[in-house]
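J.: Here is the input, now give the coordinates:
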Amino acid sequence: MIRSILWGSWFESRQADMGELIRRLERLVSKEQSNAPYDKDFFDLQLQFADKVRQLTPGMSPEEAIARFTNIPARLGLGVIPHDSTDPRWRRYVAGLRDAGGHEMPLHHILDWTDEQYRAHLDAMRKESKTDDEMFGPFFYDYSPETRSIDIHFRRIDAETVFDVKFFTEGRRHLTEMFSKIKLAYPDALEVEGTSWLFDNQRLMAAAMRFKLFPRSFKPNQAEPPRTAFTALGLWGQFVDKSLKTNLDLKRHFEQNLRTVTLDNLYEAFPFRRLRAKAPIADFYKLFEIE
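T.: Numbers count the residues shown, from 1 in each chain. From the prediction side, this is the model:
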């Protein structure tokens, strides 16, 4: 009897140690992936999109198109920025869009310049990224005290995730841990919100609901306003895989769609729209059995 109890205690402690080891390995893999840079194709498709918008909008400068219709300023560590911003880093980037005579550089030169500037700022941006303690697998969040809402974010999820059963089973564990910490840190939170291309992927959302990653009330029902949607990684992220390599098949499909879009249907160039979902946080606590 005593031997059985001792064996059970030892086994439970080994399980706990193994669980901690698995979490550490997950963090190491996540950290290694987070250090991988976006490739050049990722900027190429965005610059093509900005160029298409310029073709449809006579008189628009290249910097305005890039600032309003790409995620490039954010990849340069500038966030969402007005095209006429006086930020010295932005002005330096804008200066490289033209030659010494003030003439616009060809698109392939702008691509080279963009990739060069991105890699020059890469180390600084890595230092500003979320730490391991702030990540829960591929999930992390921000809290807004003004609206008392949790904004949920996703990292390293691609279109192939729908076929990854392990992602959904482990995802539930990650989200349970995350919301447990949220309840302790922000007991006054009322809602959970999220905005991503993932919510427009019906197969992915159906699997997420089946594995109980989100409550049924967390339904995407509204598109992000076009004036902000095209600057978001939550839209452009659909073109890269978990290692941040551009899916070239999706890129080619996007380039074909660009030939026929107009200012009224720019979203149709993308495989998925960027949708917004919202639900009471109490529904998440109930789903994950958090008291």
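J.: hang on, Ala229 packs against Trp236?
T.: No. Counting by C-beta atoms under 8 Å, Ala229 does not reach Trp236; the two are 10.1 Å apart. All C-beta atoms are positioned from the backbone trio N, CA, C, and that covers glycine.
J.: Neighbour count for the two, which is higher?
T.: A side-by-side neighbour count of Ala229 and Trp236, using other C-beta atoms under 10 Å, places Trp236 first with 24 against 21.
J.: Check the secondary structure at the more buried one for me.
T.: Three-state call for Trp236 (DSSP: H, G, I helix; E, B strand; the rest coil): helix.
J.: That one is in contact with Asn71, isn't it?
T.: Yes. Counting by C-beta under 8 Å, Asn71 is a contact partner of Trp236 at 4.7 Å.
J.: Overlap of the contact sets of those two?
T.: Gln46 (C-beta atoms under 8 Å, 6 or more residues apart in numbering).
J.: Pull out the buried residues from stretch 105-114.
T.: Under the neighbour-count criterion of 16 or more other C-beta atoms under 10 Å, stretch 105-114 has Ile110, Leu111, Trp113, Thr114 buried.
J.: average pLDDT for the strand or helix carrying the second one?
T.: What it means is Leu111. Element membership for Leu111 (DSSP states H and E) is helix 107-120. Per-residue pLDDT over helix 107-120 has a mean of 95.
J.: for that helix, packing partners?
T.: Applying 3 or more C-beta pairs under 8 Å, 6 or more residues apart in numbering; DSSP states H and E, we find helix 107-120 packed against helix 40-56, helix 72-75, helix 88-95.
J.: Could you rerun that using 7 Å?
T.: Under the contact definition 3 or more C-beta pairs under 7 Å, 6 or more residues apart in numbering; DSSP states H and E, helix 107-120 sits against helix 40-56.
J.: Convert the C-alpha atoms of the helix it packs on to CSV, please.
T.: Extracted as CSV, the C-alpha positions of helix 40-56 are listed here (Å, rounded to 0.1, in the frame of the first residue of the first chain):
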residue,chain,number,x,y,z
LYS,A,40,11.2,38.9,-50.1
ASP,A,41,8.1,37.5,-51.7
PHE,A,42,6.1,38.7,-48.7
PHE,A,43,7.0,42.3,-49.5
ASP,A,44,6.7,41.8,-53.3
LEU,A,45,3.0,40.9,-53.2
GLN,A,46,2.3,43.9,-50.9
LEU,A,47,4.1,46.3,-53.2
GLN,A,48,2.3,44.9,-56.2
PHE,A,49,-1.0,45.5,-54.4
ALA,A,50,0.1,49.1,-53.5
ASP,A,51,1.1,49.6,-57.1
LYS,A,52,-2.3,48.4,-58.3
VAL,A,53,-4.1,50.8,-56.0
ARG,A,54,-1.9,53.6,-57.5
GLN,A,55,-2.9,52.6,-61.0
LEU,A,56,-6.5,53.0,-59.9
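J.: What is that helix packed up against?
T.: Counting by 3+ C-beta pairs under 7 Å, 6+ apart, helix 40-56 packs on helix 62-69, helix 107-120, helix 248-258.
J.: I'd like those written out as TSV, with distance to Thr176 added.
T.: Putting the helices and strands packed on helix 40-56 into TSV (distance: least, C-beta to C-beta, whole Å) gives the following:
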stretch	distance to Thr176
helix 62-69	38
helix 107-120	36
helix 248-258	32
